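Novice: I would like to see how this sequence folds:
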Amino acid sequence: MCGFAVAVIGGLAVENAGTIVLARALPSMLICYLAGTLIGLVAQACVREHTENYRKKTPVREEEMHALERHLREVVRAERG
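Specialist: The predicted structure follows:
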């Protein structure tokens, strides 16, 4: 949406016709959407890889995991009322 907004504001600032402004703003929005999607996928893959590496380096013992799950259930119950 930022690409669309910048294209619209820029086009209107130089007094272009509305059809020209929209004809330039819509492709800008599409390109920014695709770029954002690609960046998001790369970031997601980086976080997933980092998380997997961290879990391999620092495993959690079973009893710790069960205690944590119990604690989280209690927190959720307390938040729900």
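Novice: all contacts plus neighbour counts: C-alpha atoms, from now on.
Specialist: Will do.
Novice: Scan the helices and strands of this structure for the one with the lowest mean pLDDT.
Specialist: helix 2-13 (a mean of 82; mean pLDDT, DSSP states H and E).
Novice: What lies in contact with that one?
Specialist: For helix 2-13, the surrounding residues in contact (CA atoms under 8 Å, 6 or more residues apart in numbering) are 17-18, 20-22, 24-26, 28-29, 32.
Novice: can you pull the buried residues of that helix?
Specialist: 3-4, 7-8, 11 (16 or more other CA atoms under 10 Å).
Novice: Tell me which two in the residues you listed are the farthest apart.
Specialist: Using CA to CA, those reach their maximum pairwise distance at G3 and G11, which is 12.0 Å.
Novice: which residue ranges form the helices in this protein?
Specialist: 2-13, 18-57, 62-80 (DSSP state H).
Novice: Can I get the least confident helix or strand of the chain in PDB, CA atoms only?
Specialist: What follows is helix 2-13, C-alpha atoms only, in PDB (Å, rounded to 0.1, in the frame of the first residue of the first chain):
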ATOM      1  CA  CYS A   2       2.900   2.300   0.600                       C
ATOM      2  CA  GLY A   3       4.000   2.100  -3.000                       C
ATOM      3  CA  PHE A   4       0.400   2.900  -4.100                       C
ATOM      4  CA  ALA A   5       0.200   5.800  -1.800                       C
ATOM      5  CA  VAL A   6       3.500   7.300  -2.800                       C
ATOM      6  CA  ALA A   7       2.600   6.900  -6.500                       C
ATOM      7  CA  VAL A   8      -0.800   8.500  -6.000                       C
ATOM      8  CA  ILE A   9       0.600  11.400  -3.900                       C
ATOM      9  CA  GLY A  10       3.500  12.000  -6.300                       C
ATOM     10  CA  GLY A  11       1.200  11.800  -9.300                       C
ATOM     11  CA  LEU A  12      -1.300  14.200  -7.900                       C
ATOM     12  CA  ALA A  13       1.500  16.600  -6.700                       C
END
